[in-house]
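> Build me a model:
(chains A and B)
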Amino acid sequence: MKPFRYERADDVSSAVTAVAEEPDAAFLAGGTNLVDLMRLEVATPEVLIDVRRLTSDRIEELPDGALRIGAAVPNSDLAADHRVRRRYPMLSQAILSGASGQLRNLATTGGNLLQRTRCAYFQNVTTPCNKRQPGSGCSALEGYQRDLAILGSSPACVATHPSDMAVALAALDAVVTVRGPGAERRIPVTELHRLPGDAPERDTVLERGELITGVELPPPPHLTASRYRKVRDRASFAFALVSVAAALDVADGTVRDVRIALGGVAHKPWRATAAETALRGAPATRESFRGAAAAELAPARPLPGNAFKVPLARNTIVSVLLELVQERR
Amino acid sequence: MDVEITLRVDGTEHRLIVDTRTTLLDALRERLGNTSPKKGCDHGQCGACTLLIDGRRALSCLALAVAHQGADLVTAAGLADGDGGGLHPLQRSFIAHDAFQCGYCTPGQIVSAAGMLAEAEAGWPSAVSKDPGATDVVLDDEEIAERMSGNLCRCAAYANIVPAIAEVAHR
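Below you'll find the model as predicted:
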């Protein structure tokens, strides 16, 4: 690990100023990803600004029925919160399917959103990687591809975003509140993360110095059943090959409303808008679920080593939606 | 960069000067001579370094000591002392069930199990909980395996670790 200075700011605005003005500064929250990346020398900040005690660690009800989650709320507390478990069960399930108990106790809500890809080449400083070192090339295109993206990737980068929590938040239309050198701004979770394009070094739309202060969950949608399903290489404590967050409202055999987001398939949590559009007003049958999943996956450009993810994603979407239809009966 | 910090370890307060790069795990093992937590992967993937940090189980290999100034840390050795000088019920159960072979992962397993039992007592759900809204957690073998999945045992003593924890959970 490279030497660094450690500082604690007095408040959010001085933390923001410190990182905005120092090109090699980074925010530290739970540290479960950043400390590891520093040990690997993938991240080499000269200054760490500890923000774990600066942002809220509370979950509050807003007058309109929304829930505001402070950026410092540990993943464990968010998953265990009774309001979250009752109103947004897929969010609790998504968080609990990620990492381990020990990690969820340290990791924060803001940090979970900003964790970096676990692509093997990104984490290995001896191999070329456009995300770690822009312009150096992508080792994954000729390498190990099992964990990589099938949707929205570019010739520069085929990495996936590793968060489970963010997939559920994308399906729930959550909004991130951000403080930067300028005014506070609100960013829908679906727009927080970027597709790689020709700048894969940028995971998100956040500018230097911008700090996530919280996440707002709008009042729960009128969707009676919801679920998070994660498919992976071992039963627990592994990243998703494919995951599906879905909520479904069916009346008289017809889909009234549906939300679907996918994990493990793209550089960002993937909101399946094509599938949702195909399903609204359609019969709630296996056939239409298959058609909607196929429509979503039509633009998929898999690599030889992850082509299995296309049928895996399709089948997982169909099976989760069928389970939700069953659950409502 | 050196920083002076205070840590409470198994009930005893220590004042020490650490480089900012020092993790809690290295501070305990290399500076304070407490080798109860083990360094397995040093990347947060094995659980051998698990401590209770301010009462919650967490990985000491990913926790910078400087960021945990003043923290109250409990190791497996401290769990034993905390019970009137005798072994902790989990430690006795691990021995009774022969829940280890080489023993390297055992302190982390035991601290993790202690933290996990407190989480279940508080009604926290897990990824395999059938009813996410339920407040009473029934720790069957599937629940124990899921909740302990952050602790790897390369001797694969899981077949005895799960019953060792179950016995304490069901008391």
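> quick one: strands adjacent to the helix or strand where residue A:230 lies?
Following DSSP states H and E, one finds residue A:230 within strand A:225-231. In the sheet, strand A:225-231 lines up against strand A:242-251 (antiparallel) (DSSP bridges).
> Counting by contacts, list what the very next helix or strand once past the partner strand packs against.
Counting by DSSP H and E, the next helix or strand C-terminal to strand A:242-251 is strand A:254-263. Judged by 3 or more Cβ pairs under 8 Å, 6 or more residues apart in numbering or on different chains; DSSP states H and E, strand A:254-263 is in contact with helix A:165-171, strand A:242-251, strand A:270-271, helix A:273-279, helix A:286-297, helix A:309-328. (Each C-beta comes from the backbone N, C-alpha and C, glycine too.)
> Residue B:169: how many residues sit nearby?
For residue B:169, the neighbour count with other Cβ atoms under 10 Å in any protein chain shown is 22.
> actually residue B:171, not the one I wrote
7.
> So for the nearest residue to it once chain neighbours are set aside, what's the pLDDT?
Nearest non-adjacent residue to residue B:171, counting by Cβ to Cβ, 6 or more residues apart in numbering or on different chains: residue B:89, 7.4 Å away. Reported pLDDT at residue B:89 in the predicted model: 96.
> Residue A:253: what's it in contact with?
Residue A:253 makes contacts with A:283, A:284, A:285, as judged by Cβ atoms under 8 Å, 6 or more residues apart in numbering or on different chains.
> quick one: which of those is most hemmed in?
residue A:284 (22 neighbours).
> Which strand residues bridge the residue nearest to it when sequence neighbours are not counted?
Take residue A:284 and drop its neighbours on the chain: the residue closest to it by Cβ to Cβ, 6+ apart is residue A:250, 4.5 Å away. As for beta bridges, residue A:250 partners with residue A:255 under DSSP bridges.
> what's around residue A:250, how many residues?
With other Cβ under 10 Å as criterion, residue A:250 counts 21.
> cool, residue B:170 as well?
Counted with other Cβ under 10 Å, residue B:170 comes out at 9.
> What distance do you get for residue A:34 to residue A:262?
As judged by Cβ to Cβ, to the nearest Å, residue A:34 and residue A:262 stand 26 Å apart.
> Looking at these two, which is more packed in?
Remark: of residue A:34 and residue A:262, residue A:262 carries more neighbours, 29 against 23, as counted by other Cβ under 10 Å.
> Leaving out the residues flanking it, which one is nearest to the residue positioned nearest the centre of chain B?
With distances taken as Cα atoms, centre = their mean, chain B has residue B:111 as the residue nearest its mean C-alpha position (2.7 Å). Take residue B:111 and drop its neighbours on the chain: the residue closest to it by Cβ to Cβ, 6+ apart is residue B:50, 4.7 Å away.
> need the next SSE after the worst-scoring helix or strand of chain B on mean pLDDT, C-terminal direction.
Every helix and strand of chain B was ranked by mean pLDDT, DSSP states H and E. The lowest is helix B:76-81, at a mean of 90. Heading C-terminal from helix B:76-81, the first helix or strand you meet, by DSSP H and E, is helix B:89-96.
> show me the contacts for whichever residue of chain B sits closest to chain A.
Of all residues in chain B, the one sitting closest to chain A is residue B:150 (2.4 Å; Cβ to the nearest Cβ). By Cβ under 8 Å, 6+ apart, the residues touching residue B:150 are A:99, A:100, A:101, A:102, A:103, A:237, B:47, B:50, B:59, B:112.
> quick one: the residue lying farthest from the centre of chain B from residue A:17, how far?
Going by Cα atoms, centre = their mean, the residue of chain B most distant from its centre is residue B:1, 29.1 Å out. Separation of residue B:1 from residue A:17 (Cβ to Cβ) stands at 21 Å.
> residue ranges with poor pLDDT in the stretch 201-329 of chain A?
The stretch 201-329 of chain A contains residues with pLDDT under 70 at A:328-329.
> Quick one, grab the pLDDT at residue B:85.
pLDDT, residue B:85: 65.
> Could you list the low-pLDDT ranges of chain B?
Looking at chain B by pLDDT under 70, you get B:81-85.
> per-domain residue ranges of it.
As given by automatic domain parsing, the domain ranges for chain B are B:2-79, B:85-169.
> residues from chain A in reach of chain B?
Proximity of chain A to chain B, by Cβ under 8 Å from any Cβ of the partner chain, involves residues A:1, A:3-6, A:28, A:31-32, A:35-36, A:39, A:48, A:50, A:52, A:76, A:79-80, A:82, A:85-86, A:89, A:92-93, A:96-97, A:99-103, A:105-106, A:235-237.
> Could I get the full set of helices for the chain?
Unless you meant another one, I'm taking chain A. Taking DSSP state H as the test, the helices found in chain A are A:12-21, A:34-39, A:75-80, A:82-87, A:89-96, A:101-106, A:109-114, A:165-171, A:189-192, A:273-279, A:286-297, A:309-328.
> I was after chain B.
Counting by DSSP H, the helices of chain B are B:24-26, B:76-81, B:89-96, B:106-121, B:141-147, B:158-169.
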